[in-house]
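Asker: attaching a predicted model along with its sequence, questions to come.
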Amino acid sequence: MKLLLKRLAQLLGFLALVLILAVAALHWYQPKVPLVVLPPPKPVSGAAVFYNQAFAAMPKLSEEEEKLLSTKSDQPLDTAKATELLAKLEPSLKLLEQGAREKECEWELDLNLGPSLQILHVGKGLKLIHALRLRARWHLENGNTSATADDLLLILRFGRHLGEPGMLISNLVRVSTDMIGISFVARYLPQFDASSLQKLCEGIAALPPSHSMQEAMAMESKMFTPYLRNLLAKENARKAKQSWKYGVDNEKNDVNASPIITLMHTSPTLYLFMIHNYEQRIQEVEKLMGLPYLEARPKIAALEKYLEKKPLLDPFSLMLLPAPSIRLKEVQMETMWTILKTAFDAQILNPSSVRGELAKLRDPYDGGPIEMRDVPGGVELKLKSDPDKKPVTLMVGLAGK
């Protein structure tokens, strides 16, 4: 028995030595990782030229003016102060109108920067979107529904350009601008005359197609995977130890905030394994984005649960944590467009039928009826969402309410 225990101890010692040597080899082994260089960014061109000029022409606004610019559709409007503010913003808005006539929009974004890429035009663009919404409201208050329709279509065209080149964050900005336009039109639907409604219908039909969230995930993969590999390739060139750290600088809730990835001390081989896991996850998310939502929902929930566990060997996949819920946001946006088109058609044919036609629509979350309730001036539609997420609502104005 003593001899058996002695040999067992020797075997365990040998196995421990082999394990230590294997771990050491993995730690010090420098795998060959070629540097991946994406094509350099194209120069600023098309609509972005005019938009950048519009941003540069924007005056500095006072706190009161900033508050006025953010006036919501259900809040009273001080038309006198709005007139003064819009006069200050007119040079920027004229340049924005010029840019929106262009078909192409190249922002000169360097995808080689990966998560370090800054899209500074988004914040300035959203401020001009709010200026357009204010002007649309100003035109409406003055009874010029045709000019109101022009401003709303300008919001939607500008939003398409802000959505270029189709990254996740820029695509979400485009979704936000769509929602601003849709919410405005829906709320004030009864105030538009037939010709203005027709202008809106034709203008919306002529909008350029937007990027899908599946395309956005493909773009994320195109950006982040080479970036992660290049970190290791550059460190290998300096023969340094490798490692990872992931964090998000988002203290100010800034839409331009970017993930920060740096190298610390860990095995290059382990680092490559982490990248491989990330590549698998992002491909999985990309496929989920292309599935019908009701089919994808349980798979999305399972993936979110996995990502929330923060597995030690899959840290980069944390960057994907917001992505699964974005598919719901996309189908909700598609439903909003359906709601608007349904309301348009009913309003043009028979204004009293709008509520009844909306009641026939289905909620993308579960395929059931959309929840509706009467509110002052119309009806509110509420789209279901996950229990921990805020539902999406849209107020549609009704004639005679």
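Answerer: Good, I have the coordinates.
Asker: wait, a helix at residue 379?
Answerer: No: under DSSP: H, G, I helix; E, B strand; the rest coil, residue 379 sits outside any helix and is assigned strand.
Asker: beta partners of it?
Answerer: On the basis of DSSP bridges, residue 379 is bridged to residue 374, residue 396.
Asker: where does the stretch 101-250 of the chain dip in pLDDT?
Answerer: Within the stretch 101-250 of the chain, the stretches with pLDDT under 70 are 233-250.
Asker: can you pull out the helices in it?
Answerer: 121-141, 145-162, 168-187, 194-205, 213-237 (DSSP state H, counting those that start in this stretch).
Asker: nearest the geometric middle of the protein, what residue?
Answerer: residue 172 (1.9 Å; CA atoms, centre = their mean).
Asker: cross-check the contact I'm expecting between that residue and residue 325.
Answerer: No: when contacts are counted by CB atoms under 8 Å, residue 172 is not listed as touching residue 325 (11.2 Å). The C-beta positions use only the backbone N, C-alpha and C, and glycine is treated the same way.
Asker: if we can go back for a sec, mean neighbour count, the helices of the stretch 101-250 of the chain: which tops it?
Answerer: helix 145-162 (a mean of 23; mean count of other CB atoms under 10 Å).
Asker: so what's residue 200 up against?
Answerer: 149, 152, 153, 185, 192, 344 (CB atoms under 8 Å, 6 or more residues apart in numbering).
Asker: and with 10 Å instead?
Answerer: By CB atoms under 10 Å, 6 or more residues apart in numbering, the contact list for residue 200 reads 145-146, 148-150, 152-153, 156, 181, 185, 189, 192, 340, 344.
Asker: now do residue 49
Answerer: Contacts of residue 49 by CB under 10 Å, 6+ apart are 43, 95, 98, 99, 102, 105, 106.
Asker: most neighbours, which of these?
Answerer: Of all these, the highest neighbour tally under other CB atoms under 10 Å goes to residue 105, namely 24 neighbours.
Asker: neighbours of residue 268, how many?
Answerer: 22.
Asker: quick one: it and residue 124, what's the gap?
Answerer: From residue 268 across to residue 124, the span is 41 Å (CB to CB, to the nearest Å).
Asker: same question, residue 360
Answerer: Taking CB to CB as the measure, residue 360 falls 41 Å from residue 124.
Asker: still on that earlier bit, can the contacts of residue 200 go into CSV with extra columns for distance to residue 370?
Answerer: Formatted as CSV, the contacts of residue 200 follow (distance: CB to CB, whole Å):
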residue, distance to residue 370
145, 27
146, 31
148, 26
149, 26
150, 30
152, 23
153, 26
156, 23
181, 20
185, 18
189, 17
192, 23
340, 13
344, 17
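Asker: now do the same contact list for the spatially closest residue to residue 130 that is not a sequence neighbour.
Answerer: Nearest-residue entry for residue 130: residue 69, 4.9 Å, with adjacent residues in sequence omitted and distances by CB to CB, 6 or more residues apart in numbering. Neighbouring residues of residue 69 by CB under 10 Å, 6+ apart: 61, 82, 85, 86, 89, 127, 128, 130, 131, 133, 134.
Asker: need the contact list for the last one.
Answerer: If I follow you right, that is residue 134. Residue 134 neighbours (CB under 10 Å, 6+ apart): 68, 69, 70, 71, 77, 82, 85, 86, 89, 151.
Asker: same thing with the fourth one?
Answerer: The neighbours of residue 86, taking CB under 10 Å, 6+ apart as the test, are 68, 69, 93, 131, 132, 134, 135, 138, 139.
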